[in-house]
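1. attaching a predicted model along with its sequence, questions to come.
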Amino acid sequence: MSAPKWAVVTGASSGIGEHLARGLAARGYGLWLTARTTQALELLAKELRDRHRVTVHVRTCDLADPAARDELARELADKPVSVLCANAGFPTCGPFSENDPARETAEVQVNVVSVHALTQALLPGMLARRHGGILITGSTAGYQPVPTAATYSATKAFTNTFAESLHDELRGTGVHCTLLSPGPVRTNFYAVGGISGLQKHRFLAWLTPQRVAEAGLRGLAQGRRVVVPGPVAKAQYLAGRHTPRALLLPVLRVAFLPLFRKARGAGTTSNSQTVNSRK
């Protein structure tokens, strides 16, 4: 009998993370699911156990808390994990000087430090077994500066670069790393950032989290370096990588800042009300 396959999914309580968990369970993986919301994780775990007959462990953790995050990393380091989906993340929107400093710091802890820490904890075991995959959820926002989302775009610049660097570094090891770089996706992610009204703009061609998660898992299985799902995301990816900043920033100011301001004003949920949400 072959050894069971195990996967870790962060930010698994909703959105892309939830559907990564669903996709992995359908592929026969046992799961460790982590997020801040225990109830949502337990409901998902029960459904996946019943539907796919796989083992699912729930591990509630605030990845913005260094002590809690380090404890989780230590727990997982000795587990035979084949796949890490480092997906948890959230945005802050608005002028940097006006945003809550504690929330800005938490954003860096979740979006950057937790990705780095969990990869650091699980990669040595994958390398020793000469088998494994790491799927890191970045963003097309990481390919350009985004005024009113300065910290978010900067954190995603880290995850994008980190994932692509690891992809090449791991060649020939039996382990591979794939960057999942989505654009607009219909999740509670925008409500967390206080800009839920942005989802009213149809021209952004919003994708479902199911489609994005499935594209990421297929790309991981194929050993791809980058997965950019959907035409709008691909356009953002190309523009962000190849347009000179002197041209790109004025375009962003004219085209997107009014949308963010309007969306923020139309949103019914403030940042402080959604502090417990994760991607």
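-> Sure thing, it's come through.

2. can you tell me the SS state at the nearest residue to H116 once chain neighbours are set aside?
-> Once flanking residues are discounted, H116 sits nearest to F162: 7.1 Å by CB to CB, 6 or more residues apart in numbering. C-betas here are computed from N, CA, C, even on glycine. Here F162 is helix, with the state taken from DSSP: H, G, I helix; E, B strand; the rest coil.

3. from here on, count from 56
-> New numbering, starting at 56: the last item is F217.

4. and F217, what does it touch?
-> Going by CB atoms under 8 Å, 6 or more residues apart in numbering, F217 touches V170, H171, T174, I191.

5. what is the nearest of those residues to E130?
-> The nearest member of these to E130, counting by CB to CB, is T174 at 15.3 Å.

6. tell me how many other residues crowd the closest one.
-> Per other CB atoms under 10 Å, the neighbour tally for T174 reads 19.

7. helix, strand or coil for it?
-> Judged by three-state DSSP, the three-state class of T174 is helix.

8. quick revisit: and the residue nearest to H171, how far is that from G83?
-> As judged by CB to CB, to the nearest Å, F217 and G83 stand 28 Å apart.

9. re the thing from before, in helices, which of the contacts of F217 appear?
-> Members of these lying in helices (criterion: DSSP state H): V170, H171, T174.

10. if we take those, which one ends up nearest to D133?
-> The shortest gap between D133 and any of these belongs to T174, at 15.7 Å (CB to CB).

11. what sits against the closest one?
-> Applying CB under 8 Å, 6+ apart to T174 gives the contacts L139, A141, I189, I191, F217, L221.

12. what about A81, how many neighbours?
-> Counted by other CB under 10 Å, the residues lying close to A81 total 14.

13. measure the residue lying closest to it once chain neighbours are set aside to Q265 for me?
-> In this structure, A81 finds its nearest non-sequential neighbour in H107, 6.0 Å apart by CB to CB, 6+ apart. Going from H107 to Q265 by CB to CB gives 16 Å.

14. could you pull out the helices for the stretch 106-255 of the chain?
-> 121-132, 156-163, 169-184, 205-224, 244-247 (DSSP state H, counting those that start in this stretch).
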